[in-house]
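Student: Attaching a predicted model along with its sequence, questions to come.
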Amino acid sequence: SCSRLPILASVVSKRAMADHHAGVRDSETSLHFHDPGALTHEPDGCPPHKRVTEDRKRSERVHVRDVCSGEKAHLRKHGCEFLRGGLGDAVGEQLREICSWEVFLNDQSMTPRASEQALQSCAHQPPGRELTSSSSGSSSGDASTERGLARVDAQLSRIGTGVSDVQVKRLSRLLTWRPVRTHSGWLLIVHCAPIGVIRRVVYPMGGHPPTCGGGATVHADQDLGGDPLRSMDRCGILRWMLSHNWLRILNLWMPVGNMAAGPLCVMDLQTLRPEDKVRHNWMSHDGWCFLHGEWQKWYWNSDLGQGSGDVVVFDTLRSPHSAFELPGEQVCHEVREELVACLRDVQSNCLDSRHGGSIAERIQLLLGRLPIDASLDPSWPPPVRRALLGVRSELEAASSKLDTDVFCRSLRHLQRQSVEARCVALGPFPPLCLCLCGVGFGAAALLLLGFAVIKIAGINIISAAACAM
């Protein structure tokens, strides 16, 4: 048997290299699930589920399948879809504008291209005004809705969405009434809630600027049978439509650029058992935490972010999702820490680091540690490989001219930027149905009914409560 080991190792190595050149790599990683020891003994609610009694998490190993080629996830079947260019160039251009200002240091020091005033207007714009102006008219007749909005407004005023009001309105207009072609058919976005638009910036190993981090635990944003919808008398029709998928509330997760840290993964709803769902109340609304099971399947797409208008579409009310750590992210973290130290020294006009050695010498040492294409670990997914090769390319091209822009361009490779939005949608419909007049008239009537219910119920509560998770 010992004589077979070199042959087996060779076969495994060849397969790994084939996956490396194909750009496809499933990932073994850890996700944070809820601890089953911190739950109520008896289930409650309708349908009955156990509730969270204490905020305790448990890290579990999972296998995340890369669906960039081969197997596809379908919204109708799996509860999520990964679409390259699915939202079009106009939305992609707006997303790039939103992510144009950059923060590379955790203390919110800015690059020379963005002033402190721009940071304050974008990163610290209190979303409470947007919430009040967009929802006051629709909730004036419902005291419980007003109280819910006030609670959500008070919580959201403590965080930043990373997006200015002007950018939020532009993106919301671009997404509203937008048809999206999915693997399951055509999806029609009839309304994008402005309060649900938020920008995320994530560095390797979980770092992020204040208020812009990604979700670190497995969760779903809203419980259809829980508060605040359950406590509203006029939400019965809305709940019925959502439970039968006549109307959908969807998350749009839109990456911008390479996902070198903490990309999004979504669970296949077919592998989620009812007993693995755990209710929790957070920020005056009910959502879901989840227990781990070996039978659960997880998906991500390593190619997203490279094109214009890339998007992950998943069910806000049902789909478990989380950011996850990529294999090789630790290496990206170490490279980033050295680049940040050099950037600080350049900004403060320090020719030598307190650790000794000029910046040029430190960069040469860093280049010596950075892997070249042939020496990249085949277990690292494509975004990590792209990030490290991108940093090497930037530093080598700069040669001896190591200024602030060089380090900022290099750091741009070592992060993940994304914009999230919540929308109300119809579908997906098979392509043939779009040609049938009956479906067209039925959809028009359903739109009118849906908009009426949305205005009465104050659907922005769902988006507002979810946007800080």
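Tutor: Nice, thanks for sending it over.
Student: Tell me who's in contact with R318.
Tutor: G79, A220, L269 (Cβ atoms under 8 Å, 6 or more residues apart in numbering). To be clear about C-beta, it is placed using only N, CA and C from the backbone, and glycine gets the same treatment.
Student: closest to L376 among the residues you listed?
Tutor: Nearest to L376 among these, counting by Cβ to Cβ, is G79 at 33.3 Å.
Student: measure that closest one to H292 for me?
Tutor: 18 Å (Cβ to Cβ, to the nearest Å).
Student: Over to N258?
Tutor: 29 Å.
Student: same deal with D377?
Tutor: In terms of Cβ to Cβ, D377 sits 27 Å off from H292.
Student: CA atoms of stretch 304-320 as PDB?
Tutor: This file holds the C-alpha atoms of stretch 304-320, laid out as PDB (Å, rounded to 0.1, in the frame of the first residue of the first chain):
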ATOM      1  CA  LEU A 304     -18.900  37.300  -9.400                       C
ATOM      2  CA  GLY A 305     -17.700  40.800  -9.100                       C
ATOM      3  CA  GLN A 306     -15.500  40.600 -12.300                       C
ATOM      4  CA  GLY A 307     -18.400  41.700 -14.600                       C
ATOM      5  CA  SER A 308     -20.800  44.600 -14.600                       C
ATOM      6  CA  GLY A 309     -24.100  44.100 -12.800                       C
ATOM      7  CA  ASP A 310     -23.300  40.800 -11.200                       C
ATOM      8  CA  VAL A 311     -25.700  39.800  -8.400                       C
ATOM      9  CA  VAL A 312     -26.700  37.100  -6.000                       C
ATOM     10  CA  VAL A 313     -30.500  36.800  -5.700                       C
ATOM     11  CA  PHE A 314     -31.900  35.000  -2.700                       C
ATOM     12  CA  ASP A 315     -35.100  34.800  -0.600                       C
ATOM     13  CA  THR A 316     -35.100  37.400   2.300                       C
ATOM     14  CA  LEU A 317     -37.700  35.400   4.200                       C
ATOM     15  CA  ARG A 318     -36.300  31.900   3.900                       C
ATOM     16  CA  SER A 319     -32.700  31.600   2.700                       C
ATOM     17  CA  PRO A 320     -29.900  31.100   5.300                       C
END
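Student: Give the buried residues for that stretch.
Tutor: By neighbour count on 16 or more other Cβ atoms under 10 Å, the buried set for stretch 304-320 is 304-306, 308-320.
Student: In strands, which of those residues fall?
Tutor: Judged by DSSP state E, the buried residues of stretch 304-320 include V311, V312, V313, F314, D315 as members of strands.
Student: measure stretch 253-268 end to end?
Tutor: End-to-end distance of stretch 253-268: 16 Å, with Cα to Cα, to the nearest Å as the criterion.
Student: Can you show me the strands along the stretch 1-150 of the chain?
Tutor: Assigned by DSSP state E, counting those that start in this stretch, the strands in the stretch 1-150 of the chain fall at 27-34, 57-66, 80-83.
Student: and the angle for the biggest strand by length in the chain with strand 311-315?
Tutor: Looking across the chain with DSSP E, the single longest strand is strand 185-202. Per axes from the mean of the first three to the mean of the last three Cα atoms, to 10 degrees, the angle that strand 185-202 makes with strand 311-315 is 110 degrees.
Student: Tell me which strands strand 185-202 pairs with, and in which orientation.
Tutor: According to DSSP bridges, strand 185-202 forms sheet pairs with strand 178-182 (antiparallel), strand 416-429 (antiparallel).
Student: Show residues contacting the first one.
Tutor: In other words, strand 178-182. 74-75, 81, 83, 86-88, 91, 186-189, 311, 313, 427-428.
Student: tell me which residues of it are tucked away?
Tutor: Neighbour-count burial for strand 178-182, counted by 16+ other Cβ under 10 Å, picks out R178, V180, T182.
Student: ok so, going back, now the contacts of R318 as CSV including neighbour count?
Tutor: Below are the contacts of R318 laid out as CSV (neighbours: other Cβ atoms under 10 Å):
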residue, neighbour count
G79, 24
A220, 25
L269, 18
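Student: Let me know the closest of the residues you listed to F33.
Tutor: Each of these was checked against F33 using Cβ to Cβ; the closest is A220, at 12.6 Å.
Student: ok, which stretches of the stretch 101-250 of the chain are helices?
Tutor: Per DSSP state H, counting those that start in this stretch, the stretch 101-250 of the chain carries helices over the ranges 116-123, 128-139, 143-156, 165-175, 236-243.
Student: helix, strand or coil for E325?
Tutor: coil (DSSP: H, G, I helix; E, B strand; the rest coil).
Student: Tell me who's in contact with it.
Tutor: With Cβ under 8 Å, 6+ apart, E325 has these contacts: T29, S30, M205, G206, A261, G262.
Student: what's the distance between it and C332?
Tutor: Using Cβ to Cβ, we find E325 at a distance of 10 Å from C332.
Student: same deal with S379?
Tutor: Look at S379 and C332: by Cβ to Cβ, they are 14 Å apart.
Student: out of the two, which sits in the more crowded spot?
Tutor: Legend: neighbour count by other Cβ atoms under 10 Å for S379 and C332, higher for C332 (24 against 15).
Student: which parts of the host helix or strand of that one are buried?
Tutor: Here C332, judged by DSSP states H and E, is contained in helix 329-347. Burial within helix 329-347, assessed by neighbour count using 16+ other Cβ under 10 Å, is assigned to 329, 331-333, 335-336, 339-343, 345-346.
Student: what's it packed up against?
Tutor: Counting contacts by 3 or more Cβ pairs under 8 Å, 6 or more residues apart in numbering; DSSP states H and E, helix 329-347 is packed against helix 359-369, helix 382-398, helix 404-412.
Student: Turn those into JSON lines, columns for distance to E60 and mean pLDDT.
Tutor: What follows is those, written out as JSON lines (distance: least, Cβ to Cβ, whole Å; pLDDT from 0 to 100):
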{"stretch": "helix 359-369", "distance to E60": "32", "mean pLDDT": "81"}
{"stretch": "helix 382-398", "distance to E60": "22", "mean pLDDT": "90"}
{"stretch": "helix 404-412", "distance to E60": "31", "mean pLDDT": "86"}
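Student: Please identify which of those helices is closest to P210.
Tutor: Among the helices and strands packed on helix 329-347, the nearest to P210 by Cβ to Cβ is helix 404-412 (17.3 Å).
Student: report the angle between the axes of that closest one and helix 359-369?
Tutor: Put simply, helix 404-412 runs at 30 degrees to helix 359-369, going by the same axes, to 10 degrees.
Student: and helix 404-412, what other elements does it pack with?
Tutor: Using 3+ Cβ pairs under 8 Å, 6+ apart: helix 404-412 touches helix 329-347, helix 382-398.
Student: Rebuild the ones you listed as CSV, extending it with distance to C408.
Tutor: Below are the helices and strands packed on helix 404-412 laid out as CSV (distance: least, Cβ to Cβ, whole Å):
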stretch, distance to C408
helix 329-347, 7
helix 382-398, 10
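Student: Which among those helices is found nearest to R279?
Tutor: Using Cβ to Cβ, the helices and strands packed on helix 404-412 put helix 329-347 closest to R279, at 31.9 Å.
Student: just the CA coordinates of that closest one, formatted as PDB?
Tutor: Listed next in PDB are the C-alpha coordinates belonging to helix 329-347 (Å, rounded to 0.1, in the frame of the first residue of the first chain):
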ATOM      1  CA  GLU A 329      -7.300  34.600   3.300                       C
ATOM      2  CA  GLN A 330      -4.700  34.500   6.100                       C
ATOM      3  CA  VAL A 331      -2.000  35.100   3.500                       C
ATOM      4  CA  CYS A 332      -4.000  38.100   2.100                       C
ATOM      5  CA  HIS A 333      -4.300  39.400   5.700                       C
ATOM      6  CA  GLU A 334      -0.600  39.300   6.300                       C
ATOM      7  CA  VAL A 335       0.200  41.000   3.000                       C
ATOM      8  CA  ARG A 336      -2.400  43.600   3.700                       C
ATOM      9  CA  GLU A 337      -1.000  44.400   7.200                       C
ATOM     10  CA  GLU A 338       2.400  45.000   5.700                       C
ATOM     11  CA  LEU A 339       1.000  47.300   2.900                       C
ATOM     12  CA  VAL A 340      -1.100  49.200   5.500                       C
ATOM     13  CA  ALA A 341       2.100  49.800   7.600                       C
ATOM     14  CA  CYS A 342       3.900  51.100   4.500                       C
ATOM     15  CA  LEU A 343       0.900  53.300   3.600                       C
ATOM     16  CA  ARG A 344       0.900  54.800   7.100                       C
ATOM     17  CA  ASP A 345       4.700  55.500   6.900                       C
ATOM     18  CA  VAL A 346       4.300  57.100   3.400                       C
ATOM     19  CA  GLN A 347       1.400  59.300   4.600                       C
END
